[in-house]
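[1] Sequence and predicted structure, then a few things I'm wondering about:
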Amino acid sequence: MGAATQGVLEELRRLFGARALLSRAQKEVYRYDAILVGPEPLAVVLPESREEVQALVRLARRHGLPLVARGAGSGLSGGSVPGEGAVVVAFTRMARLEVDPVGRTAWAEPGVTTARISEAARPFGLFYPPDPASYRTSTLGGNLGENAGGPLCFKYGVTGDYVLELEWVDAWGEVHRLDRKAYDLPGLLIGSEGTLGLITGARLRLLPLPRHRATLMAVFPEVGALAQAVSRAIARGAVPARLEFLDPHCVDAVEDYLGMGLPRGHALLLAETDGEEAEAVEEELSLLEEAALAHGARVVRARDEGEAEALWRARRAVSPALGRLRPKRVNEDIAVPRSRLPQVVREIRALGEAFGLLVVQFGHIGDGNLHPNILFDPRCEPEERVWELAHEIARVALRHGGVLSGEHGIGLMKRKFMAEALAPEGLEAFRTVKRALDPEGILNPDKVLP
């Protein structure tokens, strides 16, 4: 270790004490997100205030150190995975949360878990709609960095739709706290994966809890028919709160995992409608039921909250269930126009068969956000082949007018694909923004842009 590096580490110790993690054992877990692994970071720092974030940024700027923001490490594109010589900024200790029931808002720091926001709002009859599958562990900072969605996003929108005000530290170590009434600078940072600033807090909009809910499960012979039914129901005016699907591989895996009596070999559609008037909720659910029946489905309605919760257990269990099928997986995340859903899901299924790899599909089908997962065993299936298939799946989305990511971000995983997704002038516009807000390139370098 050189004298300059040793000097940086000593400075980190002076500033942060035991919250500057410097030993190999302490830093090991911070190399990973839920999919990828990077090199050992130079250090990991756990700030407790925006002033400490400022001090860290100024230190990094003086020494030319890359800074990589990290929440709970549940990301799925490598956005929080460190590069060589990086300092990881782990925000889990910045977890202050205040609910304003009169204004129907909450102020939250980046280390607050997503679920905690709704739990704090519930006693006031309010809730926070963004609900990624990892909502019990994922943190607001990561959700903001990726502009995460979740099952409720079709009706209620994604994380960025609930941000009224944002606080962040820029690449010079200055703090900004701005609303979105004029130039929407907060909107520029939301979804930028920590490449333009380090978010230290946000004012969030809360909504009243709906008075009525209704849930159904529709069982289809295959995913293409399911996608056609979804397109038909939405075209007729249905805007359900949640609209999720599992392909037959997912259904079989969840049934093996939970043993809850799911119909093996079939595709499942899970739908929930909600609202203030019971009649409107019932009418919307009927639209979904009629569309499902018209495309060969068998429909089961939940009779009460207990049965509804049992059905949603199946969707939440997908990730751990798939982990039992193969040692590794690549979790793709594409979004396509709803009108192209039947073709897209069938093309992806055919690609998996052509590559000889197990591909399962699930996701937020209401807004065309699909999560094709490539499951593989690196001992007998070459990883290069897996990434080749991931690229082909991304091309399917682009060919049908879709995008590379619905909510998981670009990070490291899809960085190479960006040259195909955007025209050269679009990429150059992004680079211009990056140079303006981070001229030294210290904020999460080598992510997003190819």
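    Great, that's in hand. Residues are numbered from 1 along each chain as shown.

[2] any idea where the strands of the stretch 201-350 of the chain begin and end?
    Assigned by DSSP state E, counting those that start in this stretch, the strands in the stretch 201-350 of the chain fall at 207-208, 212-220, 242-246, 267-275, 298-301, 328-331, 334-335.

[3] low pLDDT regions in the stretch 1-150 of the chain?
    1 (pLDDT under 70).

[4] how much space between the spatially closest residue to Pro378 that is not a sequence neighbour and Val53?
    Nearest non-adjacent residue to Pro378, counting by Cβ to Cβ, 6 or more residues apart in numbering: Lys328, 5.8 Å away. Bear in mind the C-beta positions are built from the backbone N, C-alpha and C, glycine included. For Lys328, the distance to Val53 equals 34 Å [Cβ to Cβ, to the nearest Å].

[5] burial measure for the nearest residue to Gly363 once chain neighbours are set aside, as a count.
    The shortest distance from Gly363 to any non-neighbouring residue, by Cβ to Cβ, 6+ apart, is to His371 (4.0 Å). Applying other Cβ atoms under 10 Å, we find 22 residues neighbouring His371.

[6] partners of whichever strand or helix holds His371, with directions?
    For His371, the element it lies in under DSSP states H and E is strand 369-376. Strand 369-376 has the following sheet partners, assigned by DSSP bridges: strand 328-331 (antiparallel), strand 334-335 (antiparallel), strand 358-364 (antiparallel).

[7] what's across from the residue nearest to Gly363 in the sheet?
    Residues in a beta bridge with His371, per DSSP bridges, are Phe362.

[8] My guess is it contacts Ala335. True?
    No: using Cβ atoms under 8 Å, His371 is not in contact with Ala335; the gap is 10.2 Å.

[9] residues contacting Leu258?
    By Cβ atoms under 8 Å, 6 or more residues apart in numbering, the contact list for Leu258 reads 313-314, 317, 321.

[10] Could you identify the buried members of the residues you listed?
    314, 317, 321 (16 or more other Cβ atoms under 10 Å).

[11] can I get the residues you listed in JSON lines with pLDDT and distance to Leu65?
    Formatted as JSON lines, the buried ones among the contacts of Leu258 follow (pLDDT from 0 to 100; distance: Cβ to Cβ, whole Å):
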{"residue": "Ala314", "pLDDT": "91", "distance to Leu65": "45"}
{"residue": "Ala317", "pLDDT": "91", "distance to Leu65": "41"}
{"residue": "Ala321", "pLDDT": "94", "distance to Leu65": "40"}
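
[12] can you list the domains in this protein?
    3-92, 96-208, 212-320, 325-399 (automatic domain parsing).

[13] Could you point out which of the ones you listed sits nearest Pro445?
    Shortest separation from Pro445 across the domains of the chain is recorded for domain 3-92, at 5.1 Å, computed as Cβ to Cβ.

[14] quick check, distance from that closest one to the centre of its chain.
    22 Å (Cα atoms, centre = their mean, to the nearest Å).

[15] Which of the buried ones among the contacts of Leu258 fall in helices?
    Using DSSP state H, the members of these that fall within helices are 314, 321.

[16] In JSON lines, list the buried ones among the contacts of Leu258 along with distance to Val299.
    Listed next are the buried ones among the contacts of Leu258 as JSON lines, based on distance: Cβ to Cβ, whole Å:
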{"residue": "Ala314", "distance to Val299": "15"}
{"residue": "Ala317", "distance to Val299": "21"}
{"residue": "Ala321", "distance to Val299": "23"}
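
[17] ok, of the buried ones among the contacts of Leu258, which one's closest to Val163?
    Ala317 (30.2 Å).

[18] what's in contact with stretch 412-420?
    Contacts for stretch 412-420 (Cβ under 8 Å, 6+ apart): 35-36, 38, 76-79, 81, 330, 390-391, 394-395, 398, 404-405, 410, 427, 446-450.

[19] Now which of these would you call buried?
    Applying 16+ other Cβ under 10 Å to the contacts of stretch 412-420 flags 35-36, 38, 76-79, 81, 330, 390, 394-395, 404-405, 410, 447-449 as buried.

[20] any idea which of the buried ones among the contacts of Leu258 is closest to Glu174?
    Checking the buried ones among the contacts of Leu258 against Glu174 by Cβ to Cβ gives Ala317 as the nearest, at 44.7 Å.

[21] quick one: the closest one from Glu307, how far?
    Distance from Ala317 to Glu307, by Cβ to Cβ: 16 Å.

[22] try Arg379
    Taking Cβ to Cβ, one finds Arg379 at 42 Å from Glu307.

[23] re earlier: how about CSV for the contacts of Leu258, with distance to Glu384 added?
    Below are those laid out as CSV (distance: Cβ to Cβ, whole Å):
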residue, distance to Glu384
Arg313, 36
Ala314, 33
Ala317, 31
Ala321, 27
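
[24] Please identify the one among those residues that lies nearest to Leu262.
    Ala314 (6.2 Å).

[25] in the sheet, who's paired with Ile334?
    Residues in beta-bridge contact with Ile334 (DSSP bridges): Leu370.

[26] And the pLDDT at it?
    pLDDT recorded at Ile334 is 95.

[27] Same check on the one 3 residues further on?
    The model reports Pro337 with a pLDDT of 91.

[28] contacting residues around the residue lying closest to it once chain neighbours are set aside?
    Nearest in space to Pro337, with sequence neighbours left out and distances taken as Cβ to Cβ, 6+ apart, is Gly401 at 5.3 Å. Contact partners of Gly401, counting by Cβ under 8 Å, 6+ apart, are 336-337, 340.

[29] swap the cut-off to 10 Å and go again
    Gly401 makes contacts with 336-337, 339-340, 344, 368, as judged by Cβ atoms under 10 Å, 6 or more residues apart in numbering.

[30] Mind picking the one among those residues that's closest to Ser231?
    Nearest member of the contacts of Gly401 to Ser231, counting by Cβ to Cβ, is Ser339, at 6.2 Å.

[31] Report the contact partners of the closest one.
    Ser339 neighbours (Cβ under 10 Å, 6+ apart): 227, 231, 234-235, 368, 400-401.

[32] now with 8 Å?
    Ser231.

[33] Was I right to think Val29 contacts Gly73?
    Yes: Val29 is within contact range of Gly73, at 7.4 Å (criterion: Cβ under 8 Å).

[34] Looking at those two, which one has more neighbours?
    Taking other Cβ under 10 Å, Val29 and Gly73 do not tie; Gly73 has more neighbours (21 against 11).

[35] check which helix or strand covers that one.
    Going by DSSP H and E, Gly73 is not in any helix or strand.

[36] The closest residue to it other than its chain neighbours: neighbouring residues, count only.
    Leaving aside its sequence neighbours, Gly73 sits nearest to Asp33 (Cβ to Cβ, 6+ apart; 5.3 Å). When neighbours are counted by other Cβ under 10 Å, Asp33 registers 24.

[37] try the one 4 residues further on
    Counted with other Cβ under 10 Å, the neighbours of Val37 add up to 10.

[38] Would you check that it makes contact with Val29?
    No: counting by Cβ under 8 Å, Val29 is not a contact partner of Val37; they are 10.5 Å apart.
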